[in-house]
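**Student:** kindly generate the corresponding structure for this input.
(2 chains)
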Amino acid sequence: MVTYSLGVDDDAVFRALADPTRRHLLDHLYERDGRTLSELVGEQPEMTRFGVMKHLRVLEGAGLVVTRRSGREKLHFLNPVPVRLIHDRWISKYAERHVSALAELKTELEESA
Amino acid sequence: MNAAITVPSATTQVYQVFIRAMPEQIWEAITNPDFTEKYFHGARNEYTGGRRISKGPDGQLYADEAVLEFDPPRRLVHGWRSLYRPELAAEPTSRVTWEIAPQDGGCCLLTVVHDKLEGSPRTAENVSGEGWMMVLSGLKTLVETGTPMTG
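**Tutor:** As a prediction, the model looks like this:
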């Protein structure tokens, strides 16, 4: 288990999401959650088991994938919370600014009319 | 490949978030209704007499299930049956586990596992994605900044 002094940072999440294979792995987990490494390797036939493991490790490091043991199996779960935090921090912020700019424009136009 | 699967259909859902706070503060935010109403879809969640009672903003009963483990400030396990929609209330009770694990540097890892959803596909869909995600990001914001998330 990796420990972080101050939690996962945005950089790790953006880096993890920057790779198409890793985005595919997240999509596979979105379709069906709680999968073993072998199942995920089966979804990426063009990639070696080691390659998939490497990508999963990056996703885990970014907190986007969480593993839990179930009996003898290690299951991989999609953890969407970091994506939500990125959304709250980056996307809604600029969307709001956009909306308030339009609201200001409306006020200005109406006042000058 | 099963092409019919288009929505999240797992019988276990796992959510994790790092929170810059002490375990006691996080525990308080989970178990004190004055806090939960600020991030849990407006619901006041109370843990009393071995039950978890959840009430909506107008006092309507959202949930009334058994508390299975109550170990402050580390671990909380309770039943889950959503009473706010009849088709969800008709499904069997599932289970929610909260784990608070202190990390180095004054930070905790909060894990929520919602499982035993085998017989409750509608509940599984209802709480997945936006559901738990909103609750956990709202809880993090509230605990770290002292103010609820807007919008």
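
**Student:** host element of the closest residue to chain A within chain B?
**Tutor:** Closest to chain A within chain B is B:Phe18: 2.8 Å, counting by Cβ to the nearest Cβ. Glycine gets a C-beta too; all of them are placed from N, C-alpha and C. Assigned by DSSP states H and E, B:Phe18 belongs to strand B:13-19.

**Student:** what bridges to the residue of chain B closest to chain A?
**Tutor:** B:Phe18 has the following beta-bridge partners by DSSP bridges: B:Leu109.

**Student:** that one touches B:Gln103, doesn't it?
**Tutor:** Yes - if you go by Cβ atoms under 8 Å, B:Phe18 and B:Gln103 touch, sitting 7.1 Å apart.

**Student:** tell me which of the two has more neighbours.
**Tutor:** B:Phe18 (22 against 17; other Cβ atoms under 10 Å in any protein chain shown).

**Student:** how near is A:Thr21 to chain B?
**Tutor:** 17 Å (Cβ to the nearest Cβ, to the nearest Å).

**Student:** an error on my part: the question was meant for A:Asp10.
**Tutor:** Relative to chain B, and taking Cβ to the nearest Cβ, A:Asp10 is found at 12 Å.

**Student:** and that residue, what does it touch?
**Tutor:** A:Leu85, A:Ile86, A:Arg89, A:Trp90 (Cβ atoms under 8 Å, 6 or more residues apart in numbering or on different chains).

**Student:** please redo it, this time with the cut-off set to 6 Å
**Tutor:** By Cβ atoms under 6 Å, 6 or more residues apart in numbering or on different chains, A:Asp10 lies in contact with nothing.

**Student:** repeat for B:Thr93
**Tutor:** Each residue near B:Thr93 by Cβ under 6 Å, 6+ apart is listed here: B:Gly79, B:Arg81.

**Student:** what about 10 Å?
**Tutor:** Residues near B:Thr93 by Cβ atoms under 10 Å, 6 or more residues apart in numbering or on different chains: B:Ala63, B:Glu65, B:Ala66, B:His78, B:Gly79, B:Trp80, B:Arg81, B:Lys116, B:Gly119, B:Ser120, B:Thr123.

**Student:** can you show me the helices along chain B?
**Tutor:** Assigned by DSSP state H, the helices in chain B fall at B:23-31, B:33-36, B:86-89, B:121-127, B:130-145.

**Student:** let me fix that, I meant to ask about chain A.
**Tutor:** A:10-17, A:20-31, A:37-43, A:49-61, A:81-86, A:92-112.

**Student:** which positions in the fifth one come out as buried?
**Tutor:** I take that to be helix A:81-86. Of all the residues in helix A:81-86, those buried under the rule 16 or more other Cβ atoms under 10 Å in any protein chain shown are A:Val81, A:Pro82, A:Val83, A:Arg84, A:Leu85.
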